[in-house]
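Asker: Please find the sequence and the predicted model below.
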Amino acid sequence: MKIAVLGGDGYCGWATALYLSQKGHSVAIVDNYARRWWDHELGALTLTPIRPLTDRLRVWQNLTGKTMEMFVGDVTDYDFLASSLKSFEPEAIVHFAEQRSAPYSMIDRKHAVFTQVNNVVGTLNVLFAIREFLPDCHLVKLGTMGEYGTPNIDIEEGYITIDYNGRRDTVPFPKQPGSFYHLSKVHDSHNIMFACKIWGIRATDLNQGVVYGTMTEESALDEALINRFDYDDVFGTVLNRFCVQAVIGQPLTVYGKGGQTRGFLDIRDTVRCVEIACHHPANRGECRVYNQFTEQFSIMDLARLTEAAAKKMGLTVEIDHIPDPRVEAEQHYYNAKHSKLIDLGLQPHYLSDSLLDSLMNIAIKYRDRVDASLMLPQVNWREPKNERRIQMSMPTRSAGAEPRAEVKAKRA
Ligand code: NAD
Ligand code: USQ
């Protein structure tokens, strides 16, 4: 198939582009490198030394003989997006190109606005481009399990059938997201559902859980293909942070009671789920929703698993409960359905299958690159920062926060 991967320079996107290319699909990457700039803005770096996209693609071509097309630009710029898609003519568009950090979206007004504009406008542009030039193209859009929040009932895959006052209907499952980022995904879902209905677009909304893991078969082929490993307080996800904290001897930062429960999946399953979705396109006018995760864990489960994996490596780990900077239930019921992708052939990788050991090994391998000052959370849901009056001039789209180096210097 011809598949455009929007956000193909990012964590999920890079692994997916490599995987689809290896499988023989013709792949184009669309990205504006915004993610690399957000690192600069925050004074943070991925633990792993990622290479520029052009180097990555050159090395991939030398190793495998496979080429990928590259379109560098912003999907919120309709002319750029439309001309890229018109020239590539994909059969499927996999859309990862959004600002994906909940803490980033909660820094202050500017970051909340930026996140929602970037995400919602980008997705609207994709929908309009499909309508205008590629009416048969299948949109595979990355949503998030966080759209549902943590209701006190089982979570269905996208839709719920309700009997009410003697009548029955199937309606979108209620959404109770926990950050302006997660809200942007809810807005996207509504826009996609509406576009499917009015224009007959075909779409699959993949409500993905928290992804872990760095290595896929393809990225392991050469150090130059290595993927991101984010561990800072803004973009670092919880398991990455715990592994890094364990290897540098800092206590694990469990926010609050640690009963927060989420769906998780291995990056190798992310890429496979996307391929499955592409191989089984939605019908015209259909907006399918799949819950894309393989196991659920509480934060305390993950802390204990990290502690056990570290112990095997001779490391002693302390678990700290620090006040939760987010507004979220710290103890709650959680039971989310996730059978549709399994029914279509997904064979999950499980965290217990020594994956944690390999995550810890990455953390050990690149330990010298760790910046220990990035561990404590600085973004607080209850106290957004005040507006910063002096604008930074950023070479690409960004909310332009006070750079972290400056924050650090002030604190010192
Ligand atoms: P990432 O930040 O590593 O990658 C996103 C990529 O999109 C980056 O390369 C960035 O430069 C690009 N991008 C962002 N805005 C853009 C724009 N306007 N124009 C062009 N390119 C743009 O994020 P990720 O972890 O790979 O997540 C990818 C997608 O999957 C996101 O939509 C995210 O919400 C979703 N998701 C991620 C996770 C996770 O655990 N990482 C879990 C659930 C859902
Ligand atoms: N947490 C801690 N300690 C930490 C970091 C996080 O206890 O040091 C807790 C958080 O409070 C939260 C949970 O761990 O309860 C998960 O946080 P996270 O930062 O690992 O993940 P989250 O903010 O949920 O976001 C990530 C991705 C996002 C994706 C989402 C899937 O960044 O793009 O949408 O996972 S989901 O969680 O299903 O919404």
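Answerer: Sure, I can see it. Residues are numbered from 1 along each chain as shown. Ligands and ions are numbered 1, 2, ... in the order given.

Asker: Which residue is it, in the stretch 1-150 of the chain, that comes closest to ligand 2?
Answerer: In the stretch 1-150 of the chain, the residue that lies nearest ligand 2 is residue 146 (2.4 Å; C-beta to the nearest ligand atom). Any C-beta I mention is one placed from the backbone N, CA and C, and that applies to glycine too.

Asker: Show the model's pLDDT score for that residue.
Answerer: As predicted, residue 146 sits at a pLDDT of 98.

Asker: So what's the residue count around the residue of the stretch 1-150 of the chain found nearest ligand 1?
Answerer: In the stretch 1-150 of the chain, no residue comes nearer to ligand 1 than residue 10, which is 1.8 Å away by C-beta to the nearest ligand atom. A count of neighbours around residue 10, defined by other C-beta atoms under 10 Å, yields 24.

Asker: which stretches of the stretch 51-200 of the chain aren't confidently modelled?
Answerer: The model of the stretch 51-200 of the chain has no residue with pLDDT under 70.

Asker: Spell out, range by range, the strands that occur in it.
Answerer: 69-72, 92-95, 138-144, 159-164, 167-172 (DSSP state E, counting those that start in this stretch).

Asker: and those strands as TSV, adding mean neighbour count?
Answerer: Listed next are the strands of the stretch 51-200 of the chain as TSV, based on neighbours: other C-beta atoms under 10 Å:
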stretch	mean neighbour count
strand 69-72	17
strand 92-95	26
strand 138-144	27
strand 159-164	11
strand 167-172	10
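
Asker: Per-residue confidence, the nearest residue to residue 244 once chain neighbours are set aside, what does it come out as?
Answerer: Ranked by C-beta to C-beta, 6 or more residues apart in numbering and with sequence neighbours excluded, the top spatial neighbour of residue 244 is residue 231, at 4.2 Å. Looking at residue 231, its pLDDT stands at 98.

Asker: could you measure residue 231 against ligand 1, distance?
Answerer: Using C-beta to the nearest ligand atom, to the nearest Å, residue 231 is found at 13 Å from ligand 1.

Asker: Give me every residue in this protein lying close to ligand 1.
Answerer: Within the chain, the positions lying close to ligand 1 (C-beta under 6 Å from any ligand atom) are 7, 9-13, 31-35, 74-76, 96-100, 118, 122, 142, 144, 208, 210-211, 228, 237.

Asker: follow-up on the earlier one: how about the residue of the stretch 1-150 of the chain closest to ligand 1, what does it touch?
Answerer: Listed by C-beta atoms under 8 Å, 6 or more residues apart in numbering, the contact set of residue 10 reads 31, 35, 96, 97, 100, 228.

Asker: change it to 6 Å
Answerer: 35, 96 (C-beta atoms under 6 Å, 6 or more residues apart in numbering).

Asker: could we number from 18 for the rest of this?
Answerer: Understood, numbering begins at 18; the last thing we discussed is residue 27.

Asker: With residue 165 as the reference, measure out to it.
Answerer: With distances taken as C-beta to C-beta, to the nearest Å, residue 27 is found 23 Å from residue 165.

Asker: Out of the strands of the stretch 68-217 of the chain, which is closest to residue 347?
Answerer: strand 155-161 (19.8 Å; C-beta to C-beta).

Asker: is ligand 2 contacted by that closest one?
Answerer: Yes. Contact between strand 155-161 and ligand 2, assessed by C-beta under 6 Å from any ligand atom, occurs at residue 161.

Asker: So which elements touch that strand?
Answerer: Contact partners of strand 155-161 among helices and strands, from 3 or more C-beta pairs under 6 Å, 6 or more residues apart in numbering; DSSP states H and E: strand 109-112, helix 197-216, strand 219-225.

Asker: How far does the last one sit from its chain's centre?
Answerer: The one in question is strand 219-225. From the chain centre to the centre of strand 219-225 is a distance of 13 Å (C-alpha atoms, centre = their mean, to the nearest Å).
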